[in-house]
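[1] Let's see this in three dimensions:
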Amino acid sequence: MTVIKCSDAGLRFERGQRRARMRSAIGRSLRLSRQKDDSQANTIWALRHIDFALPKGACLGICGANGSGKTSLLRLLCGVYLADEGKVSVSGDVVSLLSLGAGMSPALSGRDNVYLTAAVRSIGRRTVDSFYQEICEFAELDQETMDTPIRHFSAGMRARLSFAISAVMTPDILLIDEIFSVGDTAFRKKSGKRLSEIIERARCVVLTSHSAQTLREHCDHFMWLERGEIRDFGNEGVLDGYLQFQAKKV
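    Numbering: from 1, shown residues only. Next up, the predicted model:
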């Protein structure tokens with residue numbers, strides 16, 4: 001069963017749009033042509049010709065240099081962006097950890113943010129009650145802290161809580177963007193172990209990381225992105241090829 005499928009998908013941005021609008025306003029006062037201003041904007045393809053499919057139970061590890069399109073691809077898969085060309089098909093409940101702590105309300109307590117996150121995913125209060133304590137224990141946050149507005153949390157505390165919520169409320173599809181650098185060594189080890197459990201239960205996981213060890217440990221499919229296009233896709237040999245390529249650049 002195919003859970004994620006991209007068919008020649010592409011994502012583009014218009015460079016200088018905001019700048020062009022500003023120039024247009026000034027241009028009108030100077031009786032300059034708007035057409036000339038608009039011509040300053042040009043298209044940048046963040047992703048192009050993205051073509052792959054993942055079956056149920058797969059864990060895809062995406063490698064690539066900064067700016068290669070890794071985060072853009074995850075945002076495309078979770079619906080933050082819509083494809084400008086081609087087609088993206090994702091079957092199931094998707095949870096993305098693109099920026100740990102994102103989507104939480106700073107004014108609400110840690111406890112309220114747990115219930116808010118669950119409500120967004122259509123998970124009932126009684127169900128949340130049953131695993132609330134497990135979330136607190138995994139995030140290593142006591143009840144007094146959980147009743148505090150998260151604007152007072154450190155970045156590490158917000159990251160732990162965000163990961164704990166998704167780790168306990170296992171989704172069908174989990175998208176993770178380079179999160180294992182947060183927390184101390186013990187928490188990173190615990191997160192890695194929980195990720196292995198999530199992979200066993202979830203229908204599909206997509207993980208980006210600059211850590212080859214993390215990708216090898218958890219993934220069975222690999223993608224090498226370069227300048228917004230898939231350079232290679234397949235087994236662990238893809239990761240080996242990427243690392244060799246990077247080593248030659250040093």
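[2] what sits against the closest residue to residue 91 other than its chain neighbours?
    Of all residues not flanking residue 91 in the chain, residue 3 sits nearest, at 5.4 Å (Cβ to Cβ, 6 or more residues apart in numbering). C-beta: built from backbone N, CA, C; applies to glycine. Listed by Cβ atoms under 8 Å, 6 or more residues apart in numbering, the contact partners of residue 3 are 54, 55, 56, 58, 90, 91, 92, 172, 173, 203, 204.
[3] tell me the average confidence for the longest helix seen in the chain?
    Longest helix in the chain, counting residues (DSSP state H): helix 185-201. The pLDDT scores in helix 185-201 average 75.
[4] What's the first helix or strand after it?
    strand 204-208 (DSSP states H and E).
[5] hmm, who's touching that next one?
    3-4, 54-63, 70-71, 74, 77, 92, 172-178, 195, 198-199, 214-215, 218-219.
[6] how about 6 Å then?
    3-4, 54, 58-62, 70, 173-178, 199 (Cβ atoms under 6 Å, 6 or more residues apart in numbering).
[7] for stretch 73-86, same thing?
    7-12, 88, 90, 94, 96, 98, 175, 177.
[8] what distance separates the start and the end of that stretch?
    Stretch 73-86 has an end-to-end distance of 13 Å (Cα to Cα, to the nearest Å).
[9] Any buried residues in it, and which?
    Neighbour counts over stretch 73-86 (16 or more other Cβ atoms under 10 Å) mark 73, 74, 75, 76, 77, 78, 81, 83, 84, 86 as buried.
[10] again, but for stretch 149-161
    Neighbour-count burial for stretch 149-161 [16+ other Cβ under 10 Å]: 150, 153, 157, 158, 159, 160, 161.
[11] Mind putting those residues into JSON lines with pLDDT, distance to residue 210 and secondary structure?
    Shown next, in JSON lines, are those (pLDDT from 0 to 100; distance: Cβ to Cβ, whole Å; DSSP: H, G, I helix; E, B strand; the rest coil):
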{"residue": "150", "pLDDT": "94", "distance to residue 210": "27", "secondary structure": "helix"}
{"residue": "153", "pLDDT": "92", "distance to residue 210": "25", "secondary structure": "coil"}
{"residue": "157", "pLDDT": "88", "distance to residue 210": "23", "secondary structure": "helix"}
{"residue": "158", "pLDDT": "87", "distance to residue 210": "21", "secondary structure": "helix"}
{"residue": "159", "pLDDT": "80", "distance to residue 210": "17", "secondary structure": "helix"}
{"residue": "160", "pLDDT": "84", "distance to residue 210": "20", "secondary structure": "helix"}
{"residue": "161", "pLDDT": "89", "distance to residue 210": "24", "secondary structure": "helix"}
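[12] Pick the one among these closest to residue 129.
    residue 161 (17.1 Å; Cβ to Cβ).
[13] what about the spatially closest residue to that closest one that is not a sequence neighbour, neighbour count?
    Once flanking residues are discounted, residue 161 sits nearest to residue 139: 4.6 Å by Cβ to Cβ, 6+ apart. Residue crowding around residue 139 was assessed by other Cβ atoms under 10 Å; the count is 25.
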